[in-house]
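Okay, here's the prediction I keep looking at, along with the sequence it came from:
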Amino acid sequence: MIRFEHVTKSYPDGTTAVDDLTFEVAEGELITLVGPSGCGKTTTMKMVNRLIEPTSGRISLGGEDISAIDPVQLRRRIGYVIQQVGLFPHKTVLDNTATVPHLLGRPRKEARDRAAELLDLVGLDPSTYGDRYPDQLSGGQRQRVGVARALAADPPVLLMDEPFGAVDPVVREHLQNEFLRLQSTLRKTVLFVTHDIEEAVRLGDRIAVYGAGRIEQFDTPATVLGAPATPYTAQFVGADRGLKRLSVTPVEPGDLEQPPIVRLDDPAARAAGRLSADGAPWAVVLDADGSLYGWVPSAALTGAAGGSAAGPGTKKLAPQGTVRDHARRMDAWLPLGAPLKQALSTMLQHDAGWVAVQDGGRFLGVLTPARLHTALRRSTTADAANLPRGEIALDTVPASGHTVPGPGA
Ligand SMILES: Nc1ncnc2c1ncn2[C@@H]1O[C@H](COP(=O)(O)OP(=O)(O)OP(=O)(O)O)[C@@H](O)[C@H]1O
């Protein structure tokens, strides 16, 4: 969709803002441009809508050389969101958003209806905010209007230059999540400038890491974090890149452990026999349709008073009733493909030694801290070797136990 071929921008004073850039952005892809101040990110962006003309090289949009497109026509195909949103102070939020469609010839009423839809889309109720003026909004709300306005002409391409840079971290994360939700349905081709590596990782399908005027690495967030191409990139993404990588590494079926499984309606005696044969301290309990209900400690099944809390020497009774009578609920589960960070956070939140992973309501297995660590290492090695994760064998330091720790362990 967007293609840079050997693009250079030099200024008469001898500054080379961008030096021989070549890259391609696919349709519907969100690329984050990240790097320190002055490395050429904004210059790259402004060359796409011809606010800056390159000194040499070629930029094309959908196969068309942009130097042959009238800049005004070109900008109608490209939404532009900047940090200092640049709303018209004397116009209401609704009119600010409707300006572009109206300028493009849509009747006023139609343009305003569309603007109301867009405000709704970016999370601003038009009946509450539509009649306000920009100075009656918070910084985060103004940014949302900026995004709505950029989307108003329904351009296939969006350029976003630190659009969430001026708001506090909490609002910023909120805006990022909303923008991701929007992008998952709109699938615009987006160039997004930021100097915040966290933001670049969270939003980008791929990240372009800039050094002075050049791209040092252009790859997926997982690869940039797991296998930085140069010492510069490694230093830029930070020493805690393993931790950041948790956010972009999904849970895969091969990561899961398989504790014994019993069903809610199984007789307790049979379930106890099964656990005792396996030497397992607990089992996952599934309901009739195969989804997670919770877990049951072996001690509870064998009737020891107080279940898993029973001390040594407690007299064991014959198992009574069904598993349902002894099982404990466990709400902590994740969908397959959820990031490892969510897995870790769910374990911590539930104070549990494992978290169940399900696919469309079907239980697949459990992830433990040890397995999470292995998954992270394996995916990092796989990215560096350019192989599927399942094909990576690790030389692993053995975990201390060989059974899955019980919840709360
Ligand atoms: N008109 C100009 N004349 C000379 N140098 C310029 C001019 N405009 C920009 N530059 C230089 O080009 C380089 C790239 O600037 P650019 O705005 O693209 O950086 P950036 O990566 O977006 O930085 P920031 O994160 O601070 O916005 C900088 O060194 C800047 O000083």
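Received the coordinates, thanks.

Now do the helices in the stretch 251-400 of the chain.
Taking DSSP state H, counting those that start in this stretch, the helices of the stretch 251-400 of the chain run over residues 268-278, 298-301, 340-349, 369-385.

and this protein, which residues reach the ligand?
By Cβ under 6 Å from any ligand atom, the part of the chain that sits against the ligand consists of 11, 13, 15, 17, 35, 37-43, 195. C-beta coordinates here come from the backbone N, C-alpha and C atoms, glycine included.

And the contacts of stretch 46-58?
2-10, 18, 20-21, 43, 59, 61, 65-67, 71, 74-75, 78, 80, 157, 159, 191 (Cβ atoms under 8 Å, 6 or more residues apart in numbering).

what residues go with each domain of the protein?
Annotated domains of the chain cover 2-247, 253-391 [automatic domain parsing].

Okay, now the unreliable bits of the protein?
Applying pLDDT under 70 to the chain flags the ranges 85, 303-318, 392, 394-409.

Phi, psi for the residue most central in space within it please.
Centroid check for the chain by Cα atoms, centre = their mean gives R202 as the closest residue, at 4.7 Å. Main-chain torsions, R202, degrees, to the nearest 10: phi -70, psi -40.

tell me the contacts of it?
Counting by Cβ under 8 Å, 6+ apart, R202 touches 176, 180, 221, 247.

Please pick the buried ones from those.
When those are checked for burial by 16 or more other Cβ atoms under 10 Å, the buried set is 176, 221, 247.

Check the burial of the residue in the stretch 251-400 of the chain positioned nearest to the ligand by counting its neighbours.
For the stretch 251-400 of the chain, the residue closest to the ligand is D383, as judged by Cβ to the nearest ligand atom, at 26.6 Å. By the criterion of other Cβ atoms under 10 Å, D383 has 21 neighbours.

so what's the closest residue to L336 other than its chain neighbours bridging to?
Using Cβ to Cβ, 6 or more residues apart in numbering and skipping residues adjacent in sequence, the residue nearest L336 is D359, 4.4 Å away. Under DSSP bridges, the beta-bridge partners of D359 are R362.

circling back: of the contacts of stretch 46-58, which belong to strands?
For the contacts of stretch 46-58, the ones inside strands are 2-10, 18, 20-21, 59, 61, 65, 78, 80, 157, 159, 191, with DSSP state E as the criterion.

Using PyMOL, define a selection of the buried residues within those.
The PyMOL selection below is limited to those of the ones in strands among the contacts of stretch 46-58 classed as buried (16+ other Cβ under 10 Å):
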select buried, resi 2+3+4+7+9+18+21+59+61+78+80+157+159+191
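
what about T374, how many residues close to it?
Neighbours around T374, by other Cβ under 10 Å: 17.

Begin at 12 from now on, thanks
Yes, from this point I'll number from 12; that puts the last item at T385.

Just to check, it is in contact with L267?
No: contact between T385 and L267 fails when scored by Cβ atoms under 8 Å: they sit 10.9 Å apart.

quick one: the helix or strand V181 falls within to chain centroid distance?
Secondary structure from DSSP states H and E places V181 in helix 180-197. Centroid separation for helix 180-197 versus its chain: 10 Å, with Cα atoms, centre = their mean, to the nearest Å.

Just the CA atoms of that helix, as PDB, please.
Extracted C-alpha coordinates of helix 180-197, given in PDB (Å, rounded to 0.1, in the frame of the first residue of the first chain):
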ATOM      1  CA  PRO A 180      -0.200   7.200  31.100                       C
ATOM      2  CA  VAL A 181      -3.600   5.900  32.200                       C
ATOM      3  CA  VAL A 182      -5.600   7.800  29.600                       C
ATOM      4  CA  ARG A 183      -3.000   6.900  27.100                       C
ATOM      5  CA  GLU A 184      -3.400   3.200  27.600                       C
ATOM      6  CA  HIS A 185      -7.100   3.600  27.400                       C
ATOM      7  CA  LEU A 186      -6.800   5.500  24.100                       C
ATOM      8  CA  GLN A 187      -4.400   2.900  22.800                       C
ATOM      9  CA  ASN A 188      -6.800   0.000  23.600                       C
ATOM     10  CA  GLU A 189      -9.700   1.800  22.000                       C
ATOM     11  CA  PHE A 190      -7.700   2.600  18.900                       C
ATOM     12  CA  LEU A 191      -6.700  -1.100  18.600                       C
ATOM     13  CA  ARG A 192     -10.400  -2.100  18.900                       C
ATOM     14  CA  LEU A 193     -11.200   0.400  16.200                       C
ATOM     15  CA  GLN A 194      -8.400  -0.700  14.000                       C
ATOM     16  CA  SER A 195      -9.500  -4.300  14.300                       C
ATOM     17  CA  THR A 196     -12.700  -3.500  12.400                       C
ATOM     18  CA  LEU A 197     -11.500  -0.600  10.200                       C
END
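
which outside residues touch that helix?
Residues from elsewhere that reach helix 180-197 (Cβ under 8 Å, 6+ apart): 41, 132-134, 149-151, 154-155, 158, 162, 174-175, 178, 201, 210, 213-214.

Which of the residues in that helix are classified as buried?
For helix 180-197, a neighbour-count test (16+ other Cβ under 10 Å) marks 182-183, 185-187, 189-190, 193-194 as buried.

Tabulate the contacts of R213 (CSV), appending distance to T313.
Formatted as CSV, the contacts of R213 follow (distance: Cβ to Cβ, whole Å):
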residue, distance to T313
Q187, 50
L191, 48
P232, 48
S258, 42
